[in-house]
Each structure stands twice: as structure tokens, then as C-alpha cells.
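S.K.: structure, please.
(chains A and B, ligands or ions: 2)
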Amino acid sequence: MLLTINGRPHDVHVEPFESLASTLRERLQMLGTKVGCDRGECGTCTVLLDDVPVYSCLVLTRSCEGRRIRTIEGVATANELHPVQRAFVTHDAVQCGYCTPGQVMSAIALLEQHALPSDDEIRRSMSGNLCRCGCYPKIHAAVKSVAAAAVEANDDR
Amino acid sequence: MTAEAPRESDGHRRFVTTVVEVEGREETKVVELPVSEPEPWGEDARLTVVGRPIPRVDAAEKVTGRARYTADIVRPRMLHAAIVRATIPAGTISEIDVTGAMAAPGVVDAITLEDIPRIRIDGNTLFDRTVKYVGQPVAAVCAETWQAALAAAEIVRVTIERAAHVATFADAIAADAPLVRRSGNVSRSSPSIMERGNVERGLSEADVIVRGAYRTPPALHTAMEPHGAVAEWEGVGDRLTLWESTQGVFRVRDEVATGLGLSRSRVRVIKEHMGGGFGAKNSAGAHTFIAAILARRTGRAVRCVVDRYGEQVDTGHRPESRIHLTLGARRDGTLTAIVADSQVTMGVGGWEASPTAIMHELYGCENVKTTDVYAWVHSQAMDSFRAPGHVEGAFALERGMDTLARALSIDPLRLRLSNVPGRDQEKGRPYSSDRLRECLVEGARRFGWPGWEAPAGLQDSEMRAGDAVGDGMVREVVAGGGIVEAGGGRRLRGIGMAAQVWGAGGGPPAYATIKLNSDGTADVLSGTQDLGTGTRTVLAQIAAESLGSRFEDVRVVLGDTERTPYAGNSWGSMTIASVGPAVRMAGEEVRRRLCEAAAEMLECRPGDLSARGSVISTRDGTRHLTFADVTGKLGNVMIMGHGSRGPNRRDVGLVTAGAQFAEVEVDAETGQVRVIRIVAVHDAGRIINPLLAQSQLEGGIIQGLGLALFEERIIDRATGVPLNPGMHDYKVPTSKDVPMIDATCLPVTDPQANHIGARGLAEPPIIPTAPAIANAVANATGAAVDELPLTPRRVLHAIRSTYA
Ligand code: FES
Ligand code: FES
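M.R.: Ligands and ions are numbered 1, 2, ... in the order given. Here you go, the predicted structure:
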């Protein structure tokens, strides 16, 4: 079947019961998407499916034909981080980093839908991504800063 | 055995015997004296890289998903292993049938007890025929894919003759209880008694005596990355390389070498990135040995990553504690006696992390007696979990202190201030840094504790001076009449606080090597590890400072037993205080040599040169050479420096201190607790990187909040089966649970601790959070909330039983 991942087509043969997380990691060696539980509890495996954040460990790859899959590998360009990634770095919204790719994907999805989310919206939208290191305050600050910068940039125009 | 602080003048003595402290335990060791330790960075040292809030060096790798964790290690022709686990808590295995599993698609090998050497983990034998807990590994399979291995593990048929089990402390110590260990159901050292002074006298001198019974839950580390290892043998199978998610590469190496009968240098353990440890990843586990043994048998690399169920039932936990506490005090609040009895439910193994050790340390008191009893039960082994013992004991002690404050009608903060110990009471020596009082006062100011003027803007509009413990809020709950909708309605606000003390002084042995590359950059090599704590970044800062180089010119290589010099486990909050001085010493040596080489090129004396920002300049500032200029001219002549950690002084006590303040809102109808804000002020000596330090504090506080409100591993007493082995039912905090946190460290240094002036920071912040929150809930409701976690059910129950 044909998968579109980060804008590129991938021709893969997958088992009927195969999860998108395992296709990405095991078949395509796209190891940026992490697996913390493999059963929809933690959010480390978050990717965007048609711009909506999903737990890729719960999505069957067979259901993804013709849909837009975005993973952490497609977020930064070769030499530039995405603004969300940059904000995560500068705010130290990263400790062990294991939850980070998932957090970044959720934050991107949120900001694409709401340019200026409220505090509550941020907390709610990000609540499906656990972080045992407790980076939540810094993640929150990072997401807010990206939103604020985007609005400022808009105002300047 | 003592070792006085050895100085460099001790020329002919290169090795001394000294006492090294790890997580509250002391060990006597022979350590090497550094040839020349640098003078401590004092208060007024002009440091340009150390102390700066630099983003972590590996953040870009982590936000792009390029950072490689154990589960991301891919080796040619690698196989995947899955573990077969016992499903009942006690019994004897009569048969394990792997034929079905071996016939399943993709399966390559399977192992049981017969196929492996005798390997001991936590005092139990790997794949033992005697089953002691649900989740105990009994066999393992490996296959071409992880899915195939998991599926095969499911169809291994294990027949266990069931035996009676014990699930609770009370069951374990009951007469005729089935034995968990042949030696009995309590640990050999139980009861473990520690006494100072005379508590009978202390109690007789008391004007007020308060008693309480407290309970802390069994808690699971729940790191986002499960335990895992990748094993690969080299050549004819006598050299093993292991990629392991671990807090201690050298310890894993030694344990694996011992278990497999190899000499230590035949085992190489590598740890690059890891997704959290929190104490659960200190040793080689079943997964480590399984990967290594299957790899040897199959001649292929094997990855064994524990699945989430296995992670929650078999990789350690904070044991449940029950503590009876009696406090005696004079009318002015001075403590006269502390008596505590604890019962700790260990599981099948682990070590005795005393929940009452903190009773001897946190507050000044001449008469202290504690008795700890540790019981073995049929559940997974205990393991270190962020400030083991102290978290449990702090809850009891700090709830007790609030009860005492109430009985004495003294403000809880004042009660603590009047009992600050001021010195290491156990050893009768001063502290290297005695700043608990400062933490309490500074925290009170930032929080706006009643009676302490808060800076403008920090004072919450809801908070009034009259809301202190034993006053204000309590009136909103009418005795016998249930809850009345007073003032703010059924939502009750309350405030509470608690304090902390923890070792974290670090110590030897720890080594670092710095080599200067021919382009003028430097590589720091040390066998320590970064758990997500920021070790890589902080060591790079220390190296850059001591080298006089730019931060970005330093690369830190950690965690490889073959390529990096020894450093110990990253536990006991001791990494930076142990490895930091070694790195600095290595850096100073490199800088000295670099200046000597530059002096030759500039035709001046080395003493006339100084280094900063990767540039060497003459004192008068007229001539410069960059590091790259010098190394370029040197060509392949290499400059290297070596550093080691010297022993701690024995005449001062090394502790961290801290205080936290919490404000909560309790829904009196549902029992729901919401934490509104936490203020934390800690003293950990010099802070190398305030940004990362704040992350550590916030992370500890959030884990403490989880312990206060949600976290509890539940085992069904009748069946011995864990009921919440996942992250839905075992709830950890999410972004929605996190309050406003104002966390900071005192801007100080501790030159008596070591020559970089830093102590540890990883564990301290989790210690006072739960008691501060519970004290705030007690303040809001007037109810005694002495069992964690404060679930709505427990809070309602406490309110009802108080006002019934
Ligand atoms: S790995 Fe998918 S939600 Fe945890
Ligand atoms: S950074 Fe460690 S789990 Fe989020």
C-alpha cells in the first residue's frame, strides 16, 4: 500500500493488524516517534493524521492510505528547527526527551488550529501527552511563546 | 574508621580510607587522592559559563526525534525478545512448555531456568521455579520482530502449582503466614532501631504530646521509556556489548560480568540517551540478562525492551509505609522528643530505605527514637524511587508538625523555624551550608504566608492572614452539621507548607578526562550518565569554565564503560557534586598545559597568560592566540587532562535543604483537591545552570503532586494481582493537574562541600511536596488527611470522620 508520510510517498507491505507506530519505527526505521506504552495511554507516539494528533500505536496502518501522515522527522528542515521546536529548546521544555517528539506534534497541531490558544486550551490539548519528568510548566511556556510570537508577527505585517 | 580531609600537602599518601554516602547509606572505601585539587570557586569567583541558564546541549537532538534511546538501537540481523511472566503471586512451576511458541512464525529461541546460569536479581533467582509475585519472569522468547516475540510469549504454557500468598504487611507478619523468603517475612535487620538521647525523658519534659498514624502508598516510577537492553556478542562470543537504559553503566557491567561469569573488561555497557529513571534503572535487570543470553545462544544481536505491563509490575516501586509518630514539645514549640515506628512493605526484594531517617535530621531534637520493620510480601521488589525513605518519612513528620502546631496554637512556619537544627545532630558537626532557615523565610515571603510580607503581585487575592492553620477556613465546616456554603461556597481554600533535608553531597570515586582536539575544541569523557537531568550540559559548562573555552567548543561524552573513565551510578543526587569537581580538575590541567604551549609560542611565561572564550591572552591584553591557533601549531601533539574526585571533608555535614508552600482548593462536596500554586525554595549550593535547575525542581514537585493526589499501585489482597498496571489506572500528573509553580534555588555557593561549590538537586524537590499539599488540605477542611494519595474518597472520608 501507499503511505504519504511528511509529503513523501512510501510503498510498504504491512500486516492487517499492524499499528502505524510499528510501521514507522520497524518498517521504515523512522525512530523519532517513540513508544512508551503501545496501548494508547501515554502520547509518546503522537503523529498527525490529516493534521489531527493521533496515538500512532492505536492507528492501524491499513487505515492510513490516502491520508496525510506527519511525523517528527518532517517538522524541522535540514538546518532549521520549527518554531515550536526552537521554543522547546529555549524554554527547556525537554528533560529526558522521550515524550518530546509527541509533545512537539501535539503542540504543532494545536497551534495550527488556534493561533492564540488560551491557557486552558493549551492545558487541555496537551493533556494527552504525559511527561514523567514534569516538563509541563516549561512546555506550556514554550507553546505560549510561539503563539505570542506568531500574533506579534501578524500585527507587524 | 575516619579519614580526615586529605590535602594536597599529604604528598606521599595517595590512597586513603574514607566514608562515602549514597542515598542515606554509608560505605567505607579506599579512594585515591587527587594530585592537586583546585582552590574552591568562592562567592566572588568571576565565572562566565557556570551559572548561566544555557539551554541543554542535547535539546535539539531531542526535539527533532534524532536522539537515540535503547529501543532505537538497531543492529544488523537483530532479534527481539519478550518476557513470559507469572500470572499468580505464589507457587511452584511444574512445567513450562515452549513447543507451541517455538513453532510460531518468526520465533528463533526460547529460554527457561534450565538454559541459563544462576543469576540473582534483588535477592531472587532469575526464572526461579518458585514463583513469588505476579509479573515475575519465568521464561523468554526471541523472534524476528517484537510483535512476533510478544505473540509467542503469550502462548508459552506455564503450569504453576499454586501456593498461599501474602499481599500486605499485616498478612506477612501474621502467625502461620506463608513464607516469602526462607529466612522469614521480615528483613534480617528488622526491627532496625536508631536512638539518640532518651525519648522517655523527652516525652516527660513535653508540655504537649501529639500522636498520629500516617500512610504513604506504593508508587511506581512509570518512566516514559521502559527498561530495555540491546546485547551483541563479538567474535567467538567472548566480548559482550550492551546498550542499556541505565543510571549506572559500570554497575550494570559488573553485575552482568558476575552473572554470566565473564571478566569485567569483556563486557562493554553503553548508555547514550535514556527516557527517565527516577531510581528504577540502577541495576541490570531480567531484561538485561535475557538479551545477553539469547544473543549468545543465537549468535545475533537481541533487543529486549520491557512492555508497559512489565514495566509497571516488575521494575521496582516505592514501598508502602505506615508510620506511627509521637512528637513532644514544650509550650514554646521546642521539640523534646520524636518517636516513630514504621512498617515498610517491601515486596520480594529491595533495600531498606528507612522512612524514619529524616526524623533524625530535619529538626533539632535531643531525643529521637525510630524503629523500622521491613516485611517481604508476594509482590514486585522495592527499588530506589527519588529520595527513597525521605519522601515517606517527610509526609509523617511534616503532618505531625502541623498537628503539633495546631495543638500549640503556633503558626506552623514559626514552629519549624524554632526547630531548625543548625547542625548535623547525628555526627555532631556543623553543616557545610546551613540554610534551611533561609529557605523557609524566603519561601514564606514569595508565597505570602500570613504574617510574612509578600512582594507585590505574588499575593493571591484569596489569601488573607486569618486563613492560617487552625483558624479561618475551618470555621466553614460545621461540626456535626456537614458542610455549609460559607463565603466562597463549597470550595474551601487552604495553605500548607513542609520542609526537606537530603544528603546529595556526592563523593569519590569519579573521574573525567578532557582531551583537546587539534581544532581547539575539547572532548570531556566521563562514565557518568544523563537521565534527562542535564548532566551533559552542566558538565560542559564546568569544563568550559575551567578550560577558559567557549561553551559551544566543548563536547561531553558519557556512559561507556570501555571508552570513558569510571563514574558511579547517577543516584542519590550525587552526579554533579561527584563528577563536576573531576571535570573541573581535568579542565584546569588542560588549560595549564595549553598556556604552557602558548607561552612557548608567544615567548612569555605561562603565568602571564589567561584563557577566556577559547582565546589565550597576555595579561596586558596585547597579544592573543586562539585555542585553535595553539593546537594547530601543535599538530598531533596532544593536550589531555585528567581529573578525579577527592574525598569529602569529615568535619562538616553535607545536606541540601528546602521548603515548599502549597495553596489548594478542596471541593467539600466531591472531595476533589486542586493544587493552585506551589512555591519552592531550595539550597543545593552553587547552581551551575539555573534554567535546568528549575526544570529539576518543577519535575520533582510535579511527581510529588502525583504522590499527594493520585498515585497508588493497587494489588488485590485476595488474588495478589496488580489491578492498575498501566498509565490509565495508575494516574500520573498531566498538564491539566499542574499548578502555578514558583521554584527557585538560593543564590549561594558551598565551597566547603567541594571545589565547585555544588551539591545535588534531583531528589530534594519531591520530598516536601506531598506533605505541603496535605497540610494545605487539612488547613482547608479541618480534617486529618493522613493517608496518601488524597483521592476524593479519602478526603471525603476524612472530612466526614472529623465532623461526624
Ligand atoms: S505509545 Fe502510543 S499512547 Fe503510549
Ligand atoms: S521529558 Fe522525560 S518524559 Fe517528558
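S.K.: can I see the domain layout of chain A?
M.R.: For chain A, automatic domain parsing gives the domain ranges A:2-74, A:83-155.
S.K.: where along the stretch 601-750 of chain B do the helices fall?
M.R.: B:627-634, B:690-709 (DSSP state H, counting those that start in this stretch).
S.K.: by proximity to ligand 2, which residue of the stretch 51-200 of chain B wins?
M.R.: Per CB to the nearest ligand atom, residue B:62 is where the stretch 51-200 of chain B lies closest to ligand 2, at 7.8 Å. From N, CA and C alone the C-beta is placed, and that goes for glycine too.
S.K.: can you list phi and psi of that residue for me?
M.R.: The phi/psi pair for residue B:62 (degrees, to the nearest 10) reads phi -80, psi -40.
S.K.: in space, what's closest to it - neighbours in sequence excluded?
M.R.: Once flanking residues are discounted, residue B:62 sits nearest to residue A:97: 3.1 Å by CB to CB, 6 or more residues apart in numbering or on different chains.
S.K.: with residue B:672 instead?
M.R.: residue B:792 (5.1 Å).
S.K.: now swap in residue A:154 and tell me
M.R.: residue A:115 (7.7 Å).
S.K.: just residue B:209 next, same as before
M.R.: The shortest distance from residue B:209 to any non-neighbouring residue, by CB to CB, 6+ apart, is to residue B:328 (4.8 Å).
S.K.: tell me the contacts of that neighbour?
M.R.: By CB atoms under 8 Å, 6 or more residues apart in numbering or on different chains, the residues touching residue B:328 are B:202, B:203, B:205, B:206, B:208, B:209, B:335, B:336, B:337, B:338.
S.K.: try residue B:410
M.R.: Residue B:410 neighbours (CB under 8 Å, 6+ apart): residue B:333.
S.K.: ok, back up a step: same list, the helices of the stretch 601-750 of chain B, but as JSON lines with distance to ligand 2 and mean neighbour count please.
M.R.: Converted to JSON lines, those look like this (distance: least, CB to the nearest ligand atom, whole Å; neighbours: other CB atoms under 10 Å in any protein chain shown):
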{"stretch": "helix B:627-634", "distance to ligand 2": "34", "mean neighbour count": "19"}
{"stretch": "helix B:690-709", "distance to ligand 2": "8", "mean neighbour count": "26"}
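S.K.: what helix or strand is the residue nearest to residue B:209 on?
M.R.: strand B:320-329 (DSSP states H and E).
S.K.: report the mean per-residue pLDDT for that strand.
M.R.: Averaged across strand B:320-329, pLDDT comes to 98.
S.K.: quickly run through the sheet partners of it, with directions.
M.R.: strand B:208-216 (antiparallel), strand B:335-347 (antiparallel) (DSSP bridges).
S.K.: residue B:95 contacts residue B:159, correct?
M.R.: Yes - look at residue B:95 against residue B:159 with CB atoms under 8 Å: they come within range, at 4.3 Å.
S.K.: stretch B:277-293 and ligand 2 in contact?
M.R.: No - Stretch B:277-293 lies out of reach of ligand 2 by CB under 6 Å from any ligand atom, never closer than 9.9 Å.
S.K.: so how far is residue A:49 from the residue nearest to residue A:154?
M.R.: 22 Å (CB to CB, to the nearest Å).
S.K.: more neighbours: these two, which one.
M.R.: Using other CB atoms under 10 Å in any protein chain shown as the criterion, residue A:115 and residue A:49 rank with residue A:49 on top: 17 against 11.
S.K.: assess the claim that the residue of the stretch 51-200 of chain B closest to ligand 2 and residue A:93 are in contact.
M.R.: No - between residue B:62 and residue A:93 there is no contact under CB under 8 Å: 9.8 Å.
S.K.: find the residues that touch each one of these two.
M.R.: residue A:100.
S.K.: one step back: buried ones among the contacts of residue B:328?
M.R.: B:202, B:203, B:206, B:208, B:209, B:335, B:336, B:337, B:338 (16 or more other CB atoms under 10 Å in any protein chain shown).
S.K.: list the contacts for the first one?
M.R.: For residue B:202, the residues meeting the contact criterion (CB under 8 Å, 6+ apart) are B:328, B:336, B:337, B:338, B:365, B:366, B:367.
S.K.: what is the third one paired to in the beta sheet?
M.R.: Read it as residue B:337. Under the criterion used (DSSP bridges), residue B:337 bridges to residue B:328.
S.K.: if we can go back for a sec, to chain A, which of the helices of the stretch 601-750 of chain B lies closest?
M.R.: helix B:690-709 (3.4 Å; CB to the nearest CB).
S.K.: got the angle between the closest one and strand B:208-216?
M.R.: Orientation check (axes from the mean of the first three to the mean of the last three CA atoms, to 10 degrees): helix B:690-709 against strand B:208-216 gives 90 degrees.
S.K.: returning to what we had before: who's in contact with the residue of the stretch 51-200 of chain B closest to ligand 2?
M.R.: Contacts of residue B:62 by CB under 8 Å, 6+ apart are A:94, A:97, A:100, B:273.
S.K.: can you check residue B:295 too?
M.R.: B:79, B:231, B:232, B:233, B:240, B:301, B:302.
S.K.: again with residue A:116
M.R.: A:147, A:148, A:150, A:151.
S.K.: greatest separation within the residues you listed: which pair is it?
M.R.: A:148 and A:150 (7.3 Å; CB to CB).
S.K.: could you look up the SS state of the residue of the stretch 251-400 of chain B found nearest chain A?
M.R.: Closest approach between the stretch 251-400 of chain B and chain A, counting by CB to the nearest CB: residue B:275, at 2.9 Å. Counting by DSSP: H, G, I helix; E, B strand; the rest coil, the backbone at residue B:275 sits in coil.
S.K.: count of neighbours near it?
M.R.: 29.
S.K.: hang on, it packs against residue A:96?
M.R.: Yes - Residue B:275 lies in contact with residue A:96 (CB under 8 Å); the separation is 4.7 Å.
S.K.: what touches both of those two?
M.R.: With CB under 8 Å, 6+ apart, residue B:275 and residue A:96 have common neighbours B:223, B:224, B:225, B:532.
S.K.: among those, which ones are buried?
M.R.: With neighbours counted using 16+ other CB under 10 Å, the shared contacts of residue B:275 and residue A:96 contain these buried positions: B:223, B:224, B:225, B:532.
S.K.: for the stretch 151-300 of chain B, what lies in contact range of ligand 2?
M.R.: B:224, B:275, B:276.
S.K.: got the phi/psi numbers for the nearest residue to the last one once chain neighbours are set aside?
M.R.: Think residue B:276. Nearest residue to residue B:276 in three dimensions, chain neighbours excluded: residue B:223, at 3.4 Å (CB to CB, 6+ apart). Per-residue torsions, residue B:223: phi -60, psi 150 (degrees, to the nearest 10).
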